[in-house]
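1. sequence-free structure coming up:
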Ligand SMILES: Nc1ncnc2c1ncn2[C@@H]1O[C@H](COP(=O)(O)OP(=O)(O)OP(=O)(O)O)[C@@H](O)[C@H]1O
């Protein structure tokens, strides 16, 4: 079942074609990896899928409804977005920052309560930040901030999670933990990634090049040397790890 769909998105910024006829469907519990060179349109596509960037033509459908016509609160109850350079100037604690994820669910009849505290604690625990609740946001390292953003998105209890290069700033252990976390959520995830070995963990991979979606499908079919060579301008070799038979990519200029 498709929960999020881009239909023929075209988006220009100045003279640049940032999205050029991009169509894409995301299934209910599918992890879709978005890969492509710098400037190929991954962030813009994610912003469009989140309803934050309006395409010149084409539509984004969330549960079959045009996202541009949905109230932001309704979108936020279904979909959470973690931007690449998310930051905040506010003076916040870690729990306060993660708690922002509850905003779409709160109103006069449903004020903040113990269940919200429990969700914040759970979100922070899932990203390995239990015990950090009272720390000042400003005192966190780059990787810790990134993990708070991901916790905030989990606290939002979305059915669709959009992540723009979430492994930036993370050390290798936390990168692997994050991939385990997002592939185990059982919700729809679209994740922009630069590490093609990480993309192998996705159910499907979509490859962007100069604003176009040039191929999409299972990682072992889509990620092949000729395509990677063409899109990234490198030489790519697929090796097999003798320990477990899994594919491993190696690259040369
Ligand atoms: N306001 C703008 N004016 C002109 N060009 C823009 C504007 N916004 C984005 N672009 C261009 O659109 C292209 C796509 O940008 P985008 O950030 O979506 O790429 P990306 O694939 O996420 O890149 P990266 O891997 O570097 O994060 C880039 O060439 C960028 O310079």
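-> All right, it came through fine. The structure displayed is predicted, hence computed values, not measured ones.

2. Could you use CA atoms for every contact and neighbour count after this?
-> Will do.

3. and stretch 14-31, anywhere near the ligand?
-> Yes: using CA under 6 Å from any ligand atom, stretch 14-31 reaches the ligand at 14, 16, 18.

4. Distance check, the last one against residue 233.
-> Going back to what we said before, that points to residue 18. Distance of residue 18 to residue 233, computed by CA to CA, to the nearest Å: 20 Å.

5. Between the two, tell me which one has more neighbours.
-> Using other CA atoms under 10 Å, the more surrounded residue of residue 18 and residue 233 is residue 18, with 24 against 13.

6. On the three-state scheme, the more buried one is what?
-> What DSSP: H, G, I helix; E, B strand; the rest coil gives for residue 18 is strand.

7. Pull the contacting residues for residue 63.
-> 2-4 (CA atoms under 8 Å, 6 or more residues apart in numbering).

8. ok, and the most crowded of those residues?
-> That'd be residue 4 among these, by other CA under 10 Å, with 24 neighbours.

9. returning to what we had before: please produce JSON lines containing the residues of stretch 14-31 next to the ligand, extended by pLDDT.
-> Formatted as JSON lines, the residues of stretch 14-31 next to the ligand follow (pLDDT from 0 to 100):
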{"residue": "14", "pLDDT": "91"}
{"residue": "16", "pLDDT": "91"}
{"residue": "18", "pLDDT": "97"}
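
10. Looking at these, which one is closest to the ligand?
-> residue 18 (4.6 Å; CA to the nearest ligand atom).

11. Verify the contact between the closest one and residue 44 for me.
-> Yes: proximity of residue 18 to residue 44 meets the contact threshold set by CA atoms under 8 Å, at 7.4 Å.

12. I'd like to know how many residues surround the residue lying closest to residue 194 once chain neighbours are set aside.
-> Distances taken as CA to CA, 6 or more residues apart in numbering place residue 35 nearest to residue 194, at 6.2 Å, with adjacent residues excluded. Neighbours of residue 35 under the rule other CA under 10 Å: 24.

13. Go ahead and confirm residue 35 touches residue 193.
-> Yes: at 5.5 Å, residue 35 counts as touching residue 193 under the criterion of CA under 8 Å.

14. what residues are shared contacts of those two?
-> Common neighbours of residue 35 and residue 193 (CA under 8 Å, 6+ apart) are residue 199.

15. Next, residue 185: phi, psi?
-> phi -70, psi -30 (degrees, to the nearest 10).

16. Please, which helix or strand holds the residue most central in space within the chain?
-> Compute the mean C-alpha point of the chain, and by CA atoms, centre = their mean the closest residue is residue 163, 1.5 Å away. In the assignment (DSSP states H and E), residue 163 maps to strand 160-164.

17. List the strands paired with that strand, with their directions.
-> The strands beside strand 160-164 in its sheet (DSSP bridges) come out as strand 79-82 (parallel), strand 188-192 (parallel).

18. Give me the next element, helix or strand, following the last one.
-> Scanning forward in sequence from strand 188-192 by DSSP H and E, the next helix or strand is helix 196-199.

19. ok now the helix or strand just after that next one, how far from the chain's centre?
-> Proceeding N to C from helix 196-199, the next assigned helix or strand is strand 204-209, under DSSP H and E. Here the centre of strand 204-209 is set off from its chain's centre by 13 Å, with CA atoms, centre = their mean, to the nearest Å.
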